[in-house]
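Undergrad: Structure for this input, please:
(one chain, ligands or ions: 2)
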Amino acid sequence: MRMSPPPATSDRNRPWALAALPPLPAVALRLLELVSKEGTDLRDIVRMIESDPAFAVELLRAANSARFSFSEPVASLHQATLVLGLDFVKSLAITVALRVYVKNALKAPALARCWRHSLACALLSEELASASGVKPEPVYAAGLLHDVGRIGLLAAYPNEYSNMLGVSTEFGFDILCSEQDLFDIDHCQAGAWLAREWQLPEAIVRTAACHHQDVPEGTGTLSLVALGCRLADSLGYSVLPTHNTWAFEEICARLPMRVEERYHSNPNQLRKRISSRLESLM
Ligand SMILES: [Fe+2]
Ligand SMILES: [Fe+2]
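TA: Numbering: from 1, shown residues only. Ligands and ions are numbered 1, 2, ... in the order given. This is a model prediction of the structure:
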């Protein structure tokens, strides 16, 4: 069933399906920007987090539940950055920023699955980036946000979007076409639109827009995240139960040579590693 657009909003260019979305909190927006940029100073990130006490508490909570077992709890942001390292704090900050955004809607099982898929994709893309000799944090950020259009549509229309997923899965409909039919926009277009509105780097906009197209060769952000997304599906972290997933071997064959060598015969080890990291971030 086609949704009827809500009354026009003041922003005439905004797709109607995204009109009901709450704005991203200022601290999250600023953090996304800082983390995606090359050479950001750690002090800027800590200052930004400290400017929002509720967010700082969330981050400390996440740091204490993270995969490290500390003898003493991590009590301050400064200590967290020292103990966990800048890269980890950056990834954690952007994850917490987005989780705070979707928190109220996470009760919807489809959104919880989508959030899990996004996290798994971010972790896998980050690993692929490190193994390819590419700076991992911007790739992690792009991986976390690749399905932000779907997260947005799910947060705004949890029941309608979940029903659409169920029907499309049952009858084998193409999800992007079903989204277009129902919302006049698919989640790739919606994600690119949101990433542009939030003034995120072009690599994130492009990844949100193109991650369902053919995977380009090489170790660019889009290639790594598109493979990370398919790896997440093949390891069992898909949004849909019968999503047309690629086989693990098929994905490995598309990886840059040195990455392929590392992963090739080890899907179980990879699954174990990702699952323990996921637990600390959910
Ligand atoms: Fe997607
Ligand atoms: Fe994905």
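Undergrad: what's the distance between the residue of the stretch 101-250 of the chain found nearest ligand 2 and residue 273?
TA: Closest to ligand 2 within the stretch 101-250 of the chain is residue 229: 3.3 Å, counting by Cβ to the ion. Every residue, glycine included, has its C-beta placed from N, CA and C. Applying Cβ to Cβ, to the nearest Å, the value for residue 229 to residue 273 is 18 Å.
Undergrad: Those two: who's more crowded?
TA: Between residue 229 and residue 273, counted using other Cβ atoms under 10 Å, the more crowded position is residue 229 (29 against 15).
Undergrad: which SS state does the nearest residue to that one once chain neighbours are set aside fall under?
TA: The spatially closest residue to residue 229, leaving aside those adjacent along the chain, is residue 121, at 4.7 Å (Cβ to Cβ, 6 or more residues apart in numbering). Using DSSP: H, G, I helix; E, B strand; the rest coil as the criterion, the local structure at residue 121 reads helix.
Undergrad: And for residue 121, the neighbour number?
TA: The criterion is other Cβ under 10 Å. On that basis, residue 121 has 29 neighbouring residues.
Undergrad: okay but it is in contact with residue 227, surely?
TA: No - Residue 121 is not in contact with residue 227 according to Cβ atoms under 8 Å; the separation is 9.5 Å.
Undergrad: Who are the contact partners of residue 23?
TA: With contact taken as Cβ atoms under 8 Å, 6 or more residues apart in numbering, residue 23 is in contact with no other residue.
Undergrad: Next, give phi and psi for residue 76.
TA: Geometry field for residue 76 lists phi and psi as phi -140, psi 160, criterion degrees, to the nearest 10.
Undergrad: Now do the contacts for it.
TA: When the contact criterion is Cβ under 8 Å, 6+ apart, the partners of residue 76 are residue 60.
Undergrad: Kindly provide the distance from it to ligand 2.
TA: Going from residue 76 to ligand 2 by Cβ to the ion, to the nearest Å gives 35 Å.
Undergrad: Before we move on, what's the pLDDT of that residue?
TA: At residue 76, the pLDDT value in this model is 80.
Undergrad: Pull out the buried positions in stretch 79-98.
TA: By neighbour count on 16 or more other Cβ atoms under 10 Å, the buried set for stretch 79-98 is 80-81, 84, 88-98.
Undergrad: List the buried residues for the helix or strand encompassing residue 270?
TA: Element membership of residue 270 [criterion: DSSP states H and E] is helix 267-281. The neighbour-count check on helix 267-281 (16+ other Cβ under 10 Å) flags 267, 270-271, 274, 277-278, 281 as buried.
Undergrad: for stretch 173-181, same thing?
TA: In stretch 173-181, counting by 16+ other Cβ under 10 Å, buried: 175, 178-179, 181.
Undergrad: Do me a favour and average the pLDDT over the one helix or strand the residue of the stretch 101-250 of the chain closest to ligand 2 maps to.
TA: The secondary structure element spanning residue 229 is helix 221-234 (assigned by DSSP H and E). Helix 221-234 carries an average pLDDT of 94.
Undergrad: elements contacting it?
TA: Under the contact definition 3 or more Cβ pairs under 8 Å, 6 or more residues apart in numbering; DSSP states H and E, helix 221-234 sits against helix 109-131, helix 136-145, helix 202-210, helix 248-254.
Undergrad: buried ones in the longest one?
TA: Taking 16+ other Cβ under 10 Å as the basis for neighbour counts, the residues of helix 109-131 that come out buried are 110-111, 113-129, 131.
Undergrad: other SSEs contacting it?
TA: Applying 3+ Cβ pairs under 8 Å, 6+ apart, we find helix 109-131 packed against helix 86-102, helix 136-145, helix 148-156, helix 158-171, helix 221-234, helix 257-263, helix 267-281.
Undergrad: Confidence-wise, which of the ones you listed is weakest overall?
TA: The stretch with the lowest average pLDDT out of the helices and strands packed on helix 109-131 is helix 257-263, scoring a mean of 69.
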